[in-house]
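Q: turn this into a structure:
(chains A, B, C and D)
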There are 2 protein chains.
Amino acid sequence: MLEEREITIYDIAKYLNISAATVSRGLKNNPMISKATRKKIMDAAQVLGYQSNAFASNLRSRQTHTLGVIVPRLNSYFMSSALAGMENAANRYGYNLIIAQSLEDAEKEKRNAATMFNKRVDGLLISLSSNTQNINHLEPFFKRKIPVIFFDRVYPHNESTSVGINNFEAAYQVTKHLIDQGCKRILHLGGNVLRNVYQERLNGYRKALQDHHLSFSDKLHLTGPLSEQAGTDAARHILELAPNKRPDAVFSANDTAAVYCMLALQAAGLRIPEDIAFAGFNNDPISKVIAPNLTTVEYHGDSIGHTAATYLINHLKGISDLYATNAITLRADLVIRASSLKNKNPE
Amino acid sequence: MLEEREITIYDIAKYLNISAATVSRGLKNNPMISKATRKKIMDAAQVLGYQSNAFASNLRSRQTHTLGVIVPRLNSYFMSSALAGMENAANRYGYNLIIAQSLEDAEKEKRNAATMFNKRVDGLLISLSSNTQNINHLEPFFKRKIPVIFFDRVYPHNESTSVGINNFEAAYQVTKHLIDQGCKRILHLGGNVLRNVYQERLNGYRKALQDHHLSFSDKLHLTGPLSEQAGTDAARHILELAPNKRPDAVFSANDTAAVYCMLALQAAGLRIPEDIAFAGFNNDPISKVIAPNLTTVEYHGDSIGHTAATYLINHLKGISDLYATNAITLRADLVIRASSLKNKNPE
DNA sequence: TTGTACGCGTTATCAA
DNA sequence: TTGATAACGCGTACAA
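A: Below you'll find the predicted structure:
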């Protein structure tokens, strides 16, 4: 099979009777090279169909202009938005993204991290899997001073920066809103508290209960994967309770579980919000489509992603000091919709 | 700033008083090397904290074990599912994904392709932007025999394979279903016909009309980006028609536009499906959440992605001949839901 | 079974 | 402003 040889800077050099070093410099618009030769080099590169070999360059310069991204799953609205935001930022600054998913499995996350390291990413953006216990698998990065940025599901670590929102505050506001609507028995559908986001949402919920003299009960706290199935299961659980033990509101740590819980309860004849009010988290598109629309917290994946990637790149370019800022907190506002409005519009 | 030097195979070689070549072989479990030395090498690598340098390896072996992926957008349910499917396949075979989005812009797609080429991806998976006119920007890949696989939004090209569904047939079935329900004026909300998927869906729709003696009219064919806004705009257009000119059904080329069109029409007081029946495409999660549930076509992003990536990798490993199969067509079945059921269940 | 020696395509150093 | 030359870390004929 005929394989055309690759065009290298040597070909250009020979073609122009100059040295490869000059070509290398000219290609990168090094001001050291005269404008005339620079143009000659560019033209020749065009004519010969030269394409730079990123590998050789990386090998020599020890920079890949590639960022590693590890996420729990690729196919959630929040995550794909975050990736889109990162891609935008990365693309603007000439970086590429190499993306892997842990599928909520700490072991796979470990392997992903090792691969990223071997591929010599310039930096790592990571949101932890639900059962990751520690970050020993990131040690190689820390040792070699390869910057790591946590986003969304973060980890306390004083040589990294975290990008996220104030989950405690948001959960507090959601819960307070439900209480303001007259709800007294609010069930919390939460995620694995190993992850800060779920622990903090739980804490915010509990604090709001406490501040309003409502007691917390284990019976009103369900933990799970926050999947469609988890939402449906929660509904079944609720329906199995004696009517006087049933919650009058549900605060779910994400919209998916909230929506599927709503659907199942509605199918069983319960009215929302009259019988049970609802609030979720993330402002997923389905929250605007379900009837009644779901009260939720606006959590902009693209902002998180864009911010995290931009911050990382600035650090790589020496524009900012990674360790100066330990946490970046973005806004996440409550979005009140019909599913939680027990009091008819107090006009 | 103290930078620890990288551990290389030379360090291992020196440490064990053997040659670097032996280390290189041992690390890859080359059976040529005695089992004892192989073990010694592995242990030493462990002890010294050796991490292979993928770049040097790539430079030498001319393989990156990296696949390029270019998609119109990252943050749609279909695409993120496709990416998830690809990541699964890639990960299983030791490949990585480097992902970029064209944002429906041919120019950005061009730049993305050039970057991927320079990074020497082993193969390319691409779904074209809505306004891409030709594939000249992929010529470098074809010239160097780097395999390109089109998925979803494909392009006729006899040195590549395409992975998708039978859009014509699916659209035909959707339209026929609406006709079977008694609909006579079916509006089609379509995408840019530059892309095969939208052209074929349009064709299937027209053929179904024709086969059932319904006339096609330009008035009943809207083209746009199939976004939320496009759905809302379509609703306004419908409401502005004289009641006797209004369609009695809408077949949208995706679920997003269908759902936002439904919401706007419902807000204006129209009943679905009684006044207007609806059908979409993709089986997006929102189709199961909207009331009434949306009739749609099941289009599995993850299968498409997994199939495309697996096929590409098999080709790279020499297991299959890329050019033997020009198109892989996956199933896409009609999912009938309440939004299109004009005839009350004919029990 | 192992070692020697060279090349992959680029960038960095030093000299001119 | 340019050129010569040596790395970068690994893989592989070829020799031993």
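
Q: now the strands for the stretch 101-250 of chain A?
A: A:123-126, A:148-151, A:161-165, A:186-190, A:221-223, A:249-252 (DSSP state E, counting those that start in this stretch).

Q: so which of those gets nearest DNA strand D?
A: Closest approach to DNA strand D among the strands of the stretch 101-250 of chain A (Cβ to the nearest atom of the strand): strand A:123-126, 18.7 Å. Glycine gets a C-beta too; all of them are placed from N, C-alpha and C.

Q: what's around the residue lying closest to residue A:198 once chain neighbours are set aside, how many residues?
A: The shortest distance from residue A:198 to any non-neighbouring residue, by Cβ to Cβ, 6 or more residues apart in numbering or on different chains, is to residue A:191 (3.6 Å). Counted with other Cβ atoms under 10 Å in any protein chain shown, the neighbours of residue A:191 add up to 23.

Q: contacts only, for residue A:191.
A: Counting by Cβ atoms under 8 Å, 6 or more residues apart in numbering or on different chains, residue A:191 touches A:130, A:197-198, A:201, A:223-226, A:253-254.

Q: also residue A:274?
A: Residues in contact with residue A:274 (Cβ under 8 Å, 6+ apart) are residue A:342.

Q: any of the contacts of residue A:191 buried? List them.
A: Neighbour counting over those (16 or more other Cβ atoms under 10 Å in any protein chain shown) leaves A:130, A:197-198, A:201, A:224, A:226, A:253-254 as the buried ones.

Q: so which of those is the closest to residue A:41?
A: For the buried ones among the contacts of residue A:191, the residue nearest residue A:41 by Cβ to Cβ is residue A:197; the value is 51.4 Å.

Q: distance of that closest one from DNA strand C?
A: Between residue A:197 and DNA strand C the computed distance is 40 Å (Cβ to the nearest atom of the strand, to the nearest Å).

Q: redo the buried ones among the contacts of residue A:191 as JSON lines? Include pLDDT and distance to residue B:109.
A: Below are those laid out as JSON lines (pLDDT from 0 to 100; distance: Cβ to Cβ, whole Å):
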{"residue": "A:130", "pLDDT": "96", "distance to residue B:109": "35"}
{"residue": "A:197", "pLDDT": "98", "distance to residue B:109": "35"}
{"residue": "A:198", "pLDDT": "98", "distance to residue B:109": "39"}
{"residue": "A:201", "pLDDT": "98", "distance to residue B:109": "39"}
{"residue": "A:224", "pLDDT": "97", "distance to residue B:109": "41"}
{"residue": "A:226", "pLDDT": "97", "distance to residue B:109": "35"}
{"residue": "A:253", "pLDDT": "98", "distance to residue B:109": "37"}
{"residue": "A:254", "pLDDT": "97", "distance to residue B:109": "33"}
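
Q: closest one of the contacts of residue A:191 to DNA strand D?
A: Taking Cβ to the nearest atom of the strand as the measure, residue A:130 is the one of those closest to DNA strand D, at 33.9 Å.

Q: pretty sure that closest one contacts residue A:227?
A: No: assessed by Cβ atoms under 8 Å, residue A:130 is found out of contact with residue A:227, at 11.2 Å.

Q: any idea how far the residue nearest to residue A:198 lies from residue A:197?
A: Distance, residue A:191 to residue A:197, using Cβ to Cβ, to the nearest Å: 7 Å.

Q: report the beta-bridge partners for residue A:277.
A: Taking DSSP bridges as the rule, residue A:277 bridges to residue A:249.
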